[in-house]
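> Here is the input, now give the coordinates:
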Amino acid sequence: MRMRSLPDLMTFLTRRAALLLLTGLLAGACGGDGGSGGVGGTVVVGMRSDFGSFNPVTSSGQYDLELMNYALFTPIVQYDENLDVQPYLAESWDLHGDTGVTFHLRQDVRWHDGQPVTAHDVEFTFNLAKDEQTASLLGTAFLAEVAGAQVIDDYTITFRFARPHAQALEDFWWPPLPRHLLENVSPAELRNAPFNRQPVGSGPLRFGEWRANDRLVLLRNDDFPESLGGPADAERIVFRVIPEASTMLTELLTGSVHIDIPLMPDQIRQVRDNAETELHSYPGRTVYYLGWNNDRAPFNDANLRRALAHAINRGEIVDALLYGEGEIATSTIPPWHRLYPDLDPVQYDPAQAAQLLEQAGWVDRDGDGIRENAQGQPLAFEVLSSDDPLRRSVVEVLQNQLRQVGANAQIRVMEFQTMLQSHRERNFDAVFTNWVLDNFQIAAAPSALFHSREADIQLSANRSTVRIPALDAAIERGGRAPDEAEQRAAWEEMTRVLQREQPVTFMFWLNELAASRSDMNGVEMDPRGELRSIARWSTGR
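Residues are numbered from 1 along each chain as shown. Coordinates of the predicted model:
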């Protein structure tokens with residue numbers, strides 16, 4: 001299917017959920033201390049898996065980042081509904097041509113322990129992100145083109161660009177950390193700091209309690225500035241970990257859960273057909289892909305990777321498992337973006353797959369249906385997947401499709417955070433996973449995922465250990481191009497290299513799917529994320 005054009009998309013994104021009261025069911029859902037009526041109350045959100053950690057420098061999970069940017073912390077900038085950069089912690093800025101930017105920070109934002117948020121916190125966070133010992137996604141995906149920071153005064157900071165680059169303000173959609181609480185933690189130990197599970201933030205919600213794999217409780221921050229929207233509407237937001245999709249939907253339908261994130265595609269009809277629930281579906285910024293470990297045989301051979309890509313029928317997966325809520329992917333640029341390279345994806349072609357495999361020396365030598373190389377080693381490997389029901393279904397289809405061309409893919413299903421750790425440590429043959437466009441800067445994802453300079457950095461986002469000079473050149477050209485025509489040409493070239501080399505095999509863009517009780521207040525979702533309106537969620541009028 002084709003997604004909406006960007007103007008239609010923006011109209012689509014502004015629709016709002018219905019607003020009614022739902023306090024009678026809260027006591028049972030939250031241990032007997034529900035909301036007080038009116039604006040406030042307790043909102044219960046069901047999540048498939050637990051959060052990872054809350055540290056803007058070291059965290060990388062989709063919902064970890066959303067919760068930090070919209071609830072717990074205060075990013076330097078935010079995005080409006082048109083994905084244009086708007087002031088937030090920075091109330092204004094001065095761009096210095098293409099050499100740098102100076103931000104003038106608000107003076108009324110405080111950490112949840114009462115200390116002011118200052119330019120020193122911003123500089124401290126920047127320096128940690130740029131330190132290779134932190135292996136920071138922030139440092140690679142957001143700040144790759146930013147060379148240094150200088151505090152001018154307590155509420156003014158200047159950043160110097162390493163080189164001219166497009167979408168420079170998008171580099172700064174991240175919140176600072178409190179220097180006074182973390183300055184004695186070494187960069188190498190930051191990922192394991194106790195702070196990450198008991199964060200002291202600066203946003204409209206503050207940390208309350210976290211029971212691993214059970215629940216996370218956030219409380220309203222009554223001191224959040226009115227000029228930034230004021231304190232959260234809900235008195236308390238409880239995230240409950242409910243791994244089973246069917247259990248989650250039952251709890252939503254009975255009112256024990258108010259919001260279900262994410263909804264499974266096969267549950268859409270049940271939500272649509274129920275007058276007490278609201279479906280949230282929109283073209284998203286999450287691309288799913290099959291990652292190959294390019295440093296590990298046999299995936300160090302581009303011909304073999306391309307052969308396996310031809311063996312995968314992605315159209316079948318989109319139709320059968322996504323129920324039309326997605327589109328085949330070709331790169332990290334989403335179909336709704338103006339720079340999307342409209343190139344045909346690698347075609348499903350089992351005959352071509354077989355031919356490429358034979359050319360690479362993989363032949364079924366013993367008649368068991370699995371190909372072997374000249375040394376007799378079978379074409380067998382392990383595919384990691386999280387225990388999410390949709391992902392399990394996808395990898396089972398992949399296993400069958402790859403078997404048809406003589407590849408023996410063994411599935412290993414893991415809890416999400418455990419799988420993520422194996423992926424980060426590059427302890428895998430292949431992995432079915434996803435990437436979220438964290439800051440809407442088109443250059444950020446390919447630079448972090450594929451640039452050779454990240455390949456040898458421990459725990460970097462280049463987890464497939466990709467080293468392709470032609471890909472580096474296209475990524476650098478696209479990130480620095482001064483005009484849209486040159487950017488478009490560079491990203492088209494990047495996509496062609498990805499198609500040819502297949503360092504990962506892109507699978508599909510999945511529409512973001514969630515559900516809420518129809519009588520919830522303030523639930524609005526769009527490509528900025530499911531949690532983007534969390535400060536306005538409440539259970540009463």
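
> Next, work out how far apart S452 and S331 are.
Distance check for S452 against S331: by Cβ to Cβ, to the nearest Å, it reads 17 Å. Backbone N, C-alpha and C define where each C-beta goes, glycine included.

> Show me which of those two is the more surrounded one.
Taking other Cβ atoms under 10 Å, S452 and S331 do not tie; S331 has more neighbours (24 against 15).

> what number of residues lie near the spatially closest residue to A302 that is not a sequence neighbour?
With Cβ to Cβ, 6 or more residues apart in numbering as the measure, E501 is the residue that lies nearest to A302, at 4.9 Å, once sequence neighbours are left out. The number of residues packed near E501 is 18, by other Cβ under 10 Å.

> How about the contacts made by E501?
Residues in contact with E501, defined by Cβ atoms under 8 Å, 6 or more residues apart in numbering, are 302, 305-306, 468, 470-471.

> need the contact list for the one residue sitting closest to the centre of the chain.
A centroid search over the chain (Cα atoms, centre = their mean) returns V436, at 2.9 Å, as the residue closest to the centre. V436 makes contact with 62, 65, 285-286, according to Cβ under 8 Å, 6+ apart.

> For the chain, give me the ranges with low pLDDT.
In the predicted model of the chain, residues 1-39, 540-541 satisfy pLDDT under 70.

> thought P225 was touching R106?
Yes - checked against Cβ atoms under 8 Å, the pair P225 and R106 is within contact range at 7.1 Å.

> what about the helices in the stretch 401-541 of the chain?
Taking DSSP state H, counting those that start in this stretch, the helices of the stretch 401-541 of the chain run over residues 416-424, 444-450, 469-480, 484-501.

> ok, and what's touching the shortest one?
Spelled out, it's helix 444-450. Contacts for helix 444-450 (Cβ under 8 Å, 6+ apart): 137, 140-142, 144, 170, 331-332, 435, 437-438, 454, 460-464, 466, 468, 471-472, 475, 478-479, 494, 498, 503-504.

> For A275, grab phi and psi.
With angles defined as degrees, to the nearest 10, A275 shows backbone torsions of phi -70, psi -20.

> Could you measure from the spatially closest residue to it that is not a sequence neighbour over to E278?
Spatial nearest neighbour of A275, excluding adjacent residues (Cβ to Cβ, 6+ apart): S518 at 6.9 Å. Separation of S518 from E278 (Cβ to Cβ): 5 Å.

> Burial check on A320, number of neighbours?
Residues lying near A320 (other Cβ under 10 Å) number 13.

> Just list the residues touching it, thanks.
A320 is in contact with V397, counting by Cβ under 8 Å, 6+ apart.

> Over to H112?
With contacts defined as Cβ under 8 Å, 6+ apart, the neighbours of H112 are 200-202, 206-207, 221.

> Mind putting these into JSON lines with secondary structure, distance to L531 and neighbour count?
Supplementary listing: these in JSON lines, determined by DSSP: H, G, I helix; E, B strand; the rest coil; distance: Cβ to Cβ, whole Å; neighbours: other Cβ atoms under 10 Å:
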{"residue": "V200", "secondary structure": "coil", "distance to L531": "20", "neighbour count": "20"}
{"residue": "G201", "secondary structure": "coil", "distance to L531": "14", "neighbour count": "25"}
{"residue": "S202", "secondary structure": "coil", "distance to L531": "17", "neighbour count": "28"}
{"residue": "R206", "secondary structure": "strand", "distance to L531": "15", "neighbour count": "23"}
{"residue": "F207", "secondary structure": "strand", "distance to L531": "15", "neighbour count": "19"}
{"residue": "N221", "secondary structure": "coil", "distance to L531": "16", "neighbour count": "21"}
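
> what's the spacing between stretch 460-479 and its chain's center?
A distance of 19 Å separates the C-alpha centroid of stretch 460-479 from that of its chain, computed with Cα atoms, centre = their mean, to the nearest Å.

> just stretch 52-67 next, same as before
9 Å.

> contact partners of that stretch?
Contacting residues not belonging to stretch 52-67 are listed as 47, 51, 68, 72-73, 125, 128-129, 134-139, 174-177, 190-191, 193, 195-197, 199, 201, 207, 261, 286, 417, 420, 434, 436, 438, 461, 529-532, 534 [Cβ under 8 Å, 6+ apart].

> switch to 7 Å and redo it
The contact list for stretch 52-67, computed with Cβ atoms under 7 Å, 6 or more residues apart in numbering, reads 47, 51, 68, 72-73, 125, 128-129, 134, 136-138, 174-175, 177, 190-191, 193, 195-197, 199, 286, 417, 436, 438, 529-531.

> Out of those, which sit inside helices?
Judged by DSSP state H, helices contain the following of the contacts of stretch 52-67: 125, 128-129, 137, 417.

> Sketch out the helices for the stretch 151-300 of the chain, chain order is fine.
Going by DSSP H, counting those that start in this stretch, the stretch 151-300 of the chain shows helices at 179-182, 245-254, 268-272.

> packing partners for the longest one?
Counting contacts by 3 or more Cβ pairs under 7 Å, 6 or more residues apart in numbering; DSSP states H and E, helix 245-254 is packed against strand 42-47, strand 259-261.

> could you dump these to JSON lines with distance to D233 and mean neighbour count?
Compiled in JSON lines, the helices and strands packed on helix 245-254 are given as follows (distance: least, Cβ to Cβ, whole Å; neighbours: other Cβ atoms under 10 Å):
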{"stretch": "strand 42-47", "distance to D233": "9", "mean neighbour count": "26"}
{"stretch": "strand 259-261", "distance to D233": "14", "mean neighbour count": "26"}
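
> Of those, give the one that comes closest to W93.
Shortest distance between W93 and the helices and strands packed on helix 245-254, using Cβ to Cβ, is found for strand 259-261: 32.8 Å.

> hmm, back to that, V122 versus the residue nearest to A302, what's the distance?
Relative to V122, E501 is positioned 38 Å away (criterion: Cβ to Cβ).

> In contact with the closest residue to V151 other than its chain neighbours, which residues are there?
Once flanking residues are discounted, V151 sits nearest to A119: 4.7 Å by Cβ to Cβ, 6+ apart. The contact partners of A119, by Cβ under 7 Å, 6+ apart, come to 105, 151, 153-157.

> List buried residues within those residues.
Buried residues within those, defined by neighbour count using 16 or more other Cβ atoms under 10 Å: 105, 151, 155-157.

> In strands, which of the residues you listed appear?
When the buried ones among the contacts of A119 are checked against strands using DSSP state E, the ones located there are 105, 151, 156-157.

> And the furthest pair within the residues you listed?
Pairwise distances across those (Cβ to Cβ) peak at 10.4 Å, for the pair L105 and V151.

> re earlier: am I right that the residue nearest to A275 is in contact with R272?
No - taking Cβ atoms under 7 Å as the definition, S518 is not a contact partner of R272, at 11.5 Å.

> From E382, how far out is A149?
In this structure, A149 and E382 are 42 Å apart, going by Cβ to Cβ.

> between the two, which one's more packed in?
Just comparing A149 and E382: by other Cβ under 10 Å the higher neighbour count belongs to A149, 20 against 13.

> and the more buried one, bridged to which residues?
Partner residues in beta bridges with A149, using DSSP bridges, are F159.

> so what's G203 up against?
71-74, 221, 224.

> Would you mind giving both backbone torsions of E358?
The phi and psi torsions at E358 (degrees, to the nearest 10) take the values phi -70, psi -40.

> Nearest to R392, out of the contacts of V436: which one, please.
Looking at these and their distance to R392, the nearest is T286, at 17.2 Å (Cβ to Cβ).

> can you tell me which residues contact the closest one?
Here T286 is in contact with 62, 434, 436, 510, 512 (Cβ under 7 Å, 6+ apart).

> Test my guess that Q441 contacts F172.
No - applying Cβ under 7 Å as the test, Q441 and F172 come out as separate, 10.0 Å apart.

> residues shared between the contacts of those two?
Going by Cβ under 7 Å, 6+ apart, no residue sits against Q441 while also sitting against F172.
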